[in-house]
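Student: A predicted structure for the sequence below; I have some questions about it.
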Amino acid sequence: MAEAKEEPRIGVFICHCGTNIAGSLSIEEVMEYAKTLPGVIVADEYQYMCSTPGQKKIVEAIAEHNLNGIVVAACSPRLHEPTFRTATQEGGLNKFRFEMANIRDQNSWVHMHDWEGATAKAKDQVRIAVAKARMLEDLIPKSVPVEHSALVLGGGVGGMQAALDLAGAGIKTYLIEKSPSIGGRMSQLDKTFPTLDCSQCILTPKMVDVGRHPNIELYTYAEVENVEGYIGNFTVTIRKKARGVLSPDEAEARGIIGGGCNGCGDCAEVCPVIKPNPFEFGMAPRKAIYIYHPQVMPLQFTVDFDSCVKCGLCVEACGEEKKAIDLDMVDTFEEVKVGTCILAIGYDLIPIEEKTEWGYKRYDNVITGLEFERLICASGPTGGKLIRPSDGQIPKKVGFVLCAGSRDNTGGVAKPYCSRFCCMYSLKHAHQIMEKIPGAVPYIFYMDIRSFGKMYEEFYYRIQNEGAKFIRGRVANILEDPSTKNLTVFTEDTLLGRPLSLEMDMVVLAAAIQPKPEAERIRQMFGVSKSQDGWLLEAHPKLNPCGTTTAGIYLAGVCQGPKDIPDTVAQAEGAASAASIPIHTGEVQLEPYFAICMDDLCAGCGMCVPQCPYGALALVEKNGRQVMEVTEAKCKGCGTCGGFCPGGAIKMQHFTSPQICAQIDAFLLEGGEQ
Amino acid sequence: MATEKNYGNPELENKLRDRYFYTTDSNPEFLADVKKISRTIAHMCYQCGTCTGSCPSAPRSSYRIRLFMRRGVLGLEQEALNDPDLWLCTTCYSCTDRCPRDIAPTDVIMAMRNLAFKYDIVPRNFLKTVQLIYTTGHGVPNNDVNRAAREKLGLTADPPTTHSYPEFMPGIQKIMDHYKMKENADRILAEEGQ
């Protein structure tokens, strides 16, 4: 079956990986065995094949022995395939004349204490790799041009930072935010730890920068409807939700010169519909035509069509000059072409009321950390006066329940991971009540205080010094006194070894966080994997924390895993940098693993076309008959079509049927002969 | 609150003099035994105290379930099995319901009680209970006060248990004989001179 164009001349190189591999199996035996395999001209070993001298061995061996295939038995292709491909290329071969045997992750690490077994398995692995290497062909990667623009999904602090960085690098950036204003969770916070900067004060200038930047096209109250294409050439359909209010630009486009919303608020004044404001977690009212808070960007009102009664009072109040309100507005769609995308879609709190032992939503005075932020915020529903929801009294003893649903393996709404910022914001909350309420005592019920950031431990020291009471013990349950609405918190002081029951005026739950419900739809649309916990999955946790397994899609902020503001901003800058590389390079090389249709074998049945998960296949007319054609840039080489084709007309490059058959034969037949 | 500590007791003074934890005090088999009997991941305890915080016994006694979990992890077999507090658990399972690590602390205590029984470390009242179950099928047998109350409520004097069906007693005794419960209880009480 093999194309006998040239005699195979294979070089096998075995890596010790320090003691990672050499400590669990016999390198010597595997190397001697490799020399006996058909087609192998030379076999060698080295302590670290990935090092410069290790790679030099490959380069030199190619020249010396006139090799036409390279096998490296080492770690995983994910880690070092590019390294060895480069070495192969430097030696003068096509870089796809390289095959890797993963004798570390798949062998020495899993059979650490089985020297004989691991050695035998390594021999199998090398034999299989050599079998494929004998049949490798030259492949030429294709280049595709990259659109000079990027998309950022999510207008929180991470998305804003990524957009600003991209725009600053001269890239046209589309920033999509589903709510009527950018700012995200950070705009709901009062102050930020450990510097106690006012959150809005440091955020608003950024929001204004985003709104003003000539390279940023801001779409608030918009969602991504559909994504098509591949790195360099994504076509994104944006749904612009019917806002009911025109911006000055939109008004001008309709021929209303000098019109559009200027944020005066005359409309909201006359609106008769009153609804709870979700930005304030329902603790303040809003009208059916509304802005969340005074610093919104853009300053443009929005009609909540779910509650609007279309009485038209607002249209009248807005006046004939501005003509900003259009109650008949419908959703519109717009397509943009971008080279790369950054997802920064943020997080939600878990429904902590489902952990019934703490009584959230059952007891008035049990609130979440985010609700506390609004209650203590000067622009919040109480003007910054912290009061008890039950009776408006000022609380003097406030309990903070840390790890409320975090680090909890019991399932349900509980999350096994650490939510990472709750310790710090609870410290901050403790500080705030001591600052604002004379004589108030915060009680922080903690399991561990994780104050791992820059100046964080010092912040912990400061709060302790200010008089906050720290009780090392997880809160078991909370009961309410129905007459006073005071709360009794039950826990053990684990340092004292005594159970406690403390009466509090108010309890703040540091609830665990979870991915947004829409994350699932978005990640599927963009082809991004998720981790066990549902967070979007990075390409590599250490070496590629901003990238994803889909080329051209990057992650920023909490949608990838819990993070505080500095980490979110840092990752956003990383994602922006990664996303700008292909754009500035102008073109990307695609792995040549795409499927090829062998036209003379293709019956044109078209059954492969709907099988392709990437929409890369189509039937076309060639020489008077229907055959399948692959859009190479869209094809990911998954092999679904090749495995399915009834006529065997589809060839998967680098994973051809003869190559795979040779590998299976090498394992089953040659292994049996020994 | 403050009661005088008896510093005249030489045994106590000896104990107070040395409170170090020696690795030789630790029996690694103990944790393995506890896990085998309790079938829970006892070694995963991170000492958050939710168990003690949930415990209805703890505020009324010196019983600290978290402390027993710790003794299990550290293999402090003698300390755990000889502590009379081991028998203060009411097995209400509140700690098991709330443990964030999904451990069953109650089952750990039950396992330790099982192990203690092998060393004959059982409080007298528990042994008496064994004897009562052996003879009546009940840990707390019916008494005249109860009988009168039941009749007043229009019920039979004895409930439909072994009180009403003494023919099932041999079966219960057979099970208890298999585990040598009665035999051991009798023996321990006899050795104590009871």
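Tutor: Now that the structure is in, tell me what you want to look at.
Student: helices and strands of chain A: which one bottoms out on pLDDT?
Tutor: helix A:671-672 (a mean of 50; mean pLDDT, DSSP states H and E).
Student: can you pull the contacts of the closest residue to chain B within the stretch 1-150 of chain A?
Tutor: For the stretch 1-150 of chain A, the residue closest to chain B is A:His113, as judged by C-beta to the nearest C-beta, at 20.5 Å. In this view, the C-beta of every residue, glycine as well, is placed from N, C-alpha and C. Taking C-beta atoms under 8 Å, 6 or more residues apart in numbering or on different chains, we find A:His113 in contact with A:Ser24.
Student: Double-check that it belongs to a helix.
Tutor: No. A:His113: not assigned to a helix; according to DSSP: H, G, I helix; E, B strand; the rest coil it is coil.
Student: What parts of chain B come near chain A?
Tutor: B:46-55, B:58-59, B:64, B:66-67, B:94, B:98-102 (C-beta under 8 Å from any C-beta of the partner chain).
Student: Which of those are buried, as a ChimeraX select command?
Tutor: The buried residues among the residues of chain B next to chain A can be selected in ChimeraX (16 or more other C-beta atoms under 10 Å in any protein chain shown) with this line:
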select /B:47,48,49,50,51,52,53,54,55,58,64,66,67,94,98,99,100,101
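Student: Tell me which entries of the residues of chain B next to chain A lie within strands.
Tutor: Judged by DSSP state E, the residues of chain B next to chain A include no members of strands.
Student: Give me the subset of the residues of chain B next to chain A lying in helices.
Tutor: Within these, residues falling in helices by DSSP state H are B:50-54, B:66-67, B:94, B:98.
Student: Turn the residues you listed into TSV, columns for pLDDT.
Tutor: Converted to TSV, those look like this (pLDDT from 0 to 100):
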residue	pLDDT
B:Thr50	97
B:Cys51	97
B:Thr52	97
B:Gly53	97
B:Ser54	96
B:Arg66	97
B:Leu67	96
B:Ser94	96
B:Arg98	96
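Student: Out of these, which comes closest to B:Asp107?
Tutor: For those, the minimum distance to B:Asp107 (C-beta to C-beta) is 11.8 Å, reached by B:Cys51.
Student: what about residue 13, how many residues close to it?
Tutor: All of this refers to chain A. Here the number of neighbours of A:Phe13 (other C-beta atoms under 10 Å in any protein chain shown) works out to 24.
Student: I was after chain B.
Tutor: As a burial measure, B:Glu13 scores 11 neighbours (other C-beta under 10 Å).
Student: Do you know the pLDDT at it?
Tutor: Note on B:Glu13: pLDDT of 72.
Student: same deal with B:Ile103?
Tutor: Here, the pLDDT recorded for B:Ile103 equals 97.
Student: list the contacts for it?
Tutor: Contact analysis of B:Ile103 by C-beta under 8 Å, 6+ apart lists B:40-42, B:44-45, B:69, B:96.
Student: and of those, the nearest to A:Phe400?
Tutor: Using C-beta to C-beta, B:Cys45 comes nearest to A:Phe400 of the contacts of B:Ile103, at 23.6 Å.
Student: That closest one: what's its closest spatial neighbour, skipping adjacent residues?
Tutor: Once flanking residues are discounted, B:Cys45 sits nearest to B:Met69: 4.3 Å by C-beta to C-beta, 6 or more residues apart in numbering or on different chains.
Student: Quick check: the one you found touching B:Thr50?
Tutor: No. If you go by C-beta atoms under 8 Å, B:Met69 and B:Thr50 don't touch, sitting 10.8 Å apart.
Student: pLDDT on stretch A:649-662, on average?
Tutor: Stretch A:649-662 shows a mean pLDDT of 93.
Student: which residues are in contact with that stretch?
Tutor: Contact with stretch A:649-662 is made by A:1-2, A:96, A:131-132, A:134-137, A:139, A:592-599, A:601-603, A:608, A:628, A:637, A:639, A:641-642, A:648, as judged by C-beta under 8 Å, 6+ apart.
Student: List the residues that contact residue 168.
Tutor: No chain in the question, so chain A it is. By C-beta under 8 Å, 6+ apart, the contact list for A:Gly168 reads A:213, A:215.
Student: wrong chain, I was asking about chain B
Tutor: B:137, B:162.
Student: For the stretch 301-450 of chain A, which residue gets nearest to chain B?
Tutor: Using C-beta to the nearest C-beta, A:Asp408 is the residue of the stretch 301-450 of chain A that sits closest to chain B, at 3.9 Å.
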